[in-house]
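Participant: Sequence first, predicted coordinates after that:
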Amino acid sequence: MSGGSRGSWSGHAGFILAAAGSAVGLGNVWRFPYSTSQNGGGAFVLVYIAAVLAVGVPIMVAEVLLGRSTQRNPVGALRALAPGGGWPLVGMLGVVAGFVILSYYGVVAGWTFDYLFMSLTGTLQSGASMQSVFESLTGSPLRQICWQAVFMLATVAVVARGVEAGIERASKVLMPLLVAFLLVLLGYALTSEKAAEGLSFFLTPRFTDLGWDGVLAALGQAFFSLSLGMGAMITYGSYLDNEYSVLRSGCLIASMDTLIAVLSGLVIFPLVFSFGLDSTVYGPGLVFVVVPEALLRMPASAMLSTLFFALLLFAALTSAISLLEVVVAFLIDEFGWSRSSAAWGAGGLIFALGIPSAMSGDFLGWADRLASEVMLPVGGLLIALFVGWKLPVERALAGYSGAGGSGGFTLWRLCVRFVAPVAVVVILLQKIGLFG
Ligand code: PFF
């Protein structure tokens with residue numbers, strides 16, 4: 001394998017699992033279901049899938065290609081391909097986005113730790129309403145900061161161990177567990193009493209409830225869920241060798257991510273409806289209020305809530321690892337830091353930046369929207385413009401082609417040059433009200 005002292009994956013499977021681990025996260029199990037319930041159910045799901053295919057996969061391929069052909073972090077990758085211009089700033093935007101996202105992501109992941117702990121110790125089963133459990137957690141900055149610290153420590157500990165021994169190994173353990181837990185919960189959910197009603201809510205398109213805001217939310221969700229627009233896939237691609245097709249890798253990662261998001265919806269909505277709970281009013285509280293409420297009313301509730309929150313935690317951990325790795329790879333490549341100083345230093349700073357999100361839910365929501373609806377789409381747009389218009393076609397082709405050849409290159413390039421940029425620009429302009 002390539003990579004030398006920067007580290008590298010043990011092989012293609014290691015890369016795919018780690019990249020899928022990055023993609024599958026709180027975005028799939030926490031964000032996707034509540035965004036769906038707020039934006040027209042099946043209508044949101046349809047627009048989301050269209051955004052993944054037309055915009056997400058092409059940009060995913062572009063990012064992996066940039067990383068693989070330069071073996072550099074996002075800033076170094078763009079500098080290597082376009083020396084002397086402003087393009088490395090796009091990589092810088094990614095590094096900053098890594099800070100912003102991980103700061104509040106660590107807080108929400110901390111909630112999952114708290115709920116897991118409550119499930120294991122039986123506190124969740126003590127009879128209090130889940131609304132009050134959630135409010136008492138989110139009303140206590142100290143409790144949130146403690147769990148956020150535990151979560152960040154776990155993230156740093158993995159990243160500090162390196163690409164293969166840390167990131168890849170963690171993904172190889174956590175991803176299969178996540179899928180197994182999800183399937184167990186799916187079995188329970190689909191056999192629950194009003195499963196059909198939940199499925200119909202999740203899958204029936206209600207376009208009147210979608211609107212342009214919903215379309216922007218779907219696009220933002222695609223970027224967020226696929227870990228695009230901030231160089232995570234550039235970074236992971238930089239530990240990959242030239243043997244495999246970037247298109248096949250991109251399609252594989254995106255399918256796994258979309259499958260897990262849809263499966264999460266198939267678990268959550270049947271549960272919610274079977275227990276007569278209202279999914280539309282909770283927003284970010286959906287999986288922390290409505291879902292545990294439903295799980296508690298089932299037999300073996302302690303086991304089920306443990307499985308659910310462990311699943312959420314594993315998903316969050318493999319994603320947080322990739323967020324931190326973007327910053328760490330940047331510090332190692334550009335400033336010659338050792339991996340462990342970079343991981344501990346950046347992890348500590350990001351933890352501190354997350355404290356405002358632990359103190360105010362409004363701040364957390366604002367940071368989340370800033371990242372997913374502005375930073376990631378803008379970052380993705382610039383990456384698409386770079387690869388589609390700035391990078392000479394021969395270099396793009398050389399980066400694209402693996403040992404398996406260059407199949408799909410023309411269609412991919414068309415998407416990167418036209419479809420993805422136009423979609424992102426139209427939706428951003430719509431958002432700032434340019435079309436009235
Ligand atoms: N894809 C992750 C999720 O769905 O939770 C979040 C994420 C990870 C976004 C890494 C961006 C990123 F670079």
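Facilitator: Arrived safely.
Participant: Flag every residue of this protein that's near the ligand.
Facilitator: 22-23, 25-28, 101, 224-225, 227, 230, 232, 319, 322-323 (CB under 6 Å from any ligand atom). Using the backbone N, CA and C atoms, a C-beta is placed for each residue, glycine as well.
Participant: correct me, but Ala217 touches Thr36?
Facilitator: No: counting by CB atoms under 8 Å, Thr36 is not a contact partner of Ala217; they are 9.5 Å apart.
Participant: Find residues that contact each of the two.
Facilitator: Phe44 (CB atoms under 8 Å, 6 or more residues apart in numbering).
Participant: okay, those two: which has more neighbours?
Facilitator: Thr36 (30 against 26; other CB atoms under 10 Å).
Participant: Once you drop chain neighbours, what's closest to the more buried one?
Facilitator: Among residues not flanking Thr36 along the chain, Phe44 sits closest, at 4.8 Å (CB to CB, 6 or more residues apart in numbering).
Participant: Now intersect the residues of the chain next to the ligand with the strands, please.
Facilitator: Assigned to strands by DSSP state E, none of the residues of the chain next to the ligand qualify.
Participant: just the helices in the stretch 251-400 of the chain please.
Facilitator: 291-296, 301-335, 339-359, 361-369, 376-385, 393-400 (DSSP state H, counting those that start in this stretch).
Participant: Enumerate the positions of the longest one that are buried.
Facilitator: Right, helix 301-335. 301, 304-334 (16 or more other CB atoms under 10 Å).
Participant: what about the residue nearest to Thr36, distance to Leu266?
Facilitator: Separation of Phe44 from Leu266 (CB to CB, to the nearest Å) stands at 15 Å.
Participant: The two: who's more crowded?
Facilitator: Looking at Phe44 and Leu266 with other CB under 10 Å, you find the greater number of neighbours at Phe44, namely 26 against 21.
Participant: For that one, grab phi and psi.
Facilitator: Phe44 adopts backbone torsions of phi -60, psi -40, taken as degrees, to the nearest 10.
Participant: can you pull the contacts of it?
Facilitator: 35-36, 210, 214, 217-218.
Participant: and the least confident of the residues you listed?
Facilitator: pLDDT is lowest at Ala217 among the contacts of Phe44; the value there is 88.
Participant: okay, which residue is most central for this structure?
Facilitator: Ser225 (3.8 Å; CA atoms, centre = their mean).
Participant: Next, count neighbours for the closest residue to that residue other than its chain neighbours.
Facilitator: Leaving aside its sequence neighbours, Ser225 sits nearest to Gly27 (CB to CB, 6+ apart; 4.0 Å). Using other CB under 10 Å, Gly27 has 26 other residues around it.
Participant: Next one: Gly27 from Ala396, what distance?
Facilitator: Distance from Gly27 to Ala396, by CB to CB: 28 Å.
Participant: residues touching Tyr236, list them.
Facilitator: 15, 18-19, 22, 64, 67, 322, 325.
Participant: Quick one: mark the members of the residues you listed that sit in helices.
Facilitator: 15, 18-19, 22, 64, 67, 322, 325 (DSSP state H).
Participant: which of those residues sit farthest apart?
Facilitator: Val64 and Glu325 (14.4 Å; CB to CB).
Participant: Could I get the CA-only coordinates of stretch 405-418 as CSV?
Facilitator: Output of stretch 405-418 as CSV, limited to C-alpha atoms (Å, rounded to 0.1, in the frame of the first residue of the first chain):
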residue,chain,number,x,y,z
GLY,A,405,-10.5,1.6,-15.9
SER,A,406,-12.4,4.8,-16.4
GLY,A,407,-16.0,3.7,-16.8
GLY,A,408,-18.6,6.3,-16.1
PHE,A,409,-16.1,9.2,-16.4
THR,A,410,-18.1,11.3,-18.9
LEU,A,411,-21.4,11.1,-17.0
TRP,A,412,-19.6,11.8,-13.7
ARG,A,413,-17.8,14.8,-15.2
LEU,A,414,-21.1,16.1,-16.5
CYS,A,415,-22.6,15.9,-13.1
VAL,A,416,-19.6,17.6,-11.4
ARG,A,417,-19.4,20.4,-14.0
PHE,A,418,-23.1,21.2,-14.4
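Participant: How far does that stretch sit from its chain's centre?
Facilitator: With CA atoms, centre = their mean, to the nearest Å as the basis, stretch 405-418 stands 24 Å off its chain's centre.
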